[in-house]
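S.K.: below is the sequence, then the predicted model.
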Amino acid sequence: MGLLDGILGSVAGSVLSGGQSAQGGDPLDALTSSLGAGNQLRSNDLLGAVMSLVQQNGGLPGVLNMLRNSGLGQQADSWVGTGPNAAVSPDQITQAFGGSGIGNLAAQLGTSNGQAGSILSQLLPELVNQLTPNGQIPDNHSDILSKGLELLRR
């Protein structure tokens, strides 16, 4: 589980701006609390839902193309590159994935469309960053997503 643990840890750390962490708990749990979600979202649920959304939209290449076609090429390229990740707003993410894509994510997480857009705008940049450690999409990107999702479902 080393790769998935590394991705989860890095995604969690990055999501909590300023390096904040939940005391004695999973940092992604702090994200769910900060969103005010009235349900019991867990870090695995969040990461799994975002990874599933990426997989459903053509994997990394498909999502990156979708973002580029929505005018977010500079941001998407920064996530793949080895420098800092450019921020993206929940509105920009919602526009790129469309209302139905965000609605499906919201339904999967049991949250509002606005919260789903916020979650995706925070997790997607770091997930893409972690899945492209050398500044390029690995040949086995599809396998990495599939294995990660399988581990999260256990």
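M.R.: Perfect, thanks for sending it.
S.K.: so for stretch 137-150, what gets flagged as buried?
M.R.: Neighbour counts over stretch 137-150 (16 or more other C-beta atoms under 10 Å) mark Ile137, His141, Ile144, Leu145, Gly148, Leu149 as buried. Placement of C-beta: from N, CA and C, glycine included.
S.K.: kindly report the same for stretch 100-117.
M.R.: Per 16+ other C-beta under 10 Å, stretch 100-117 contains these buried residues: Gly101, Ile102, Asn104, Leu105, Ala106, Leu109, Thr111, Ser112, Asn113, Gln115, Ala116, Gly117.
S.K.: now for the nearest residue to Gly73 once chain neighbours are set aside: which residues touch it?
M.R.: Spatially, and ignoring its direct neighbours in sequence, Gly73 is nearest to Leu67 (6.8 Å; C-beta to C-beta, 6 or more residues apart in numbering). The contact partners of Leu67, taken as C-beta atoms under 8 Å, 6 or more residues apart in numbering, are Gly73, Gln75, Ala76, Ala96.
S.K.: cutoff 10 Å now
M.R.: Contacts were defined as C-beta atoms under 10 Å, 6 or more residues apart in numbering; by that measure Leu67 touches 57, 73-77, 79, 88, 92-93, 96-97, 124, 128.
S.K.: quickly note the distance from it to Ala96.
M.R.: Between Leu67 and Ala96 the distance is 5 Å, computed by C-beta to C-beta, to the nearest Å.
S.K.: do His141 as well
M.R.: 19 Å.
S.K.: circling back: identify the contacts common to Leu67 and Ala96.
M.R.: Joint contacts of Leu67 and Ala96 (C-beta under 10 Å, 6+ apart) are Asn57, Gln75, Ala76, Val88, Leu124.
S.K.: adding pLDDT, write those residues out as a markdown table.
M.R.: Output for the shared contacts of Leu67 and Ala96, formatted as a markdown table (pLDDT from 0 to 100):
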| residue | pLDDT |
| --- | --- |
| Asn57 | 93 |
| Gln75 | 97 |
| Ala76 | 96 |
| Val88 | 96 |
| Leu124 | 93 |
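S.K.: good, wrapping up.
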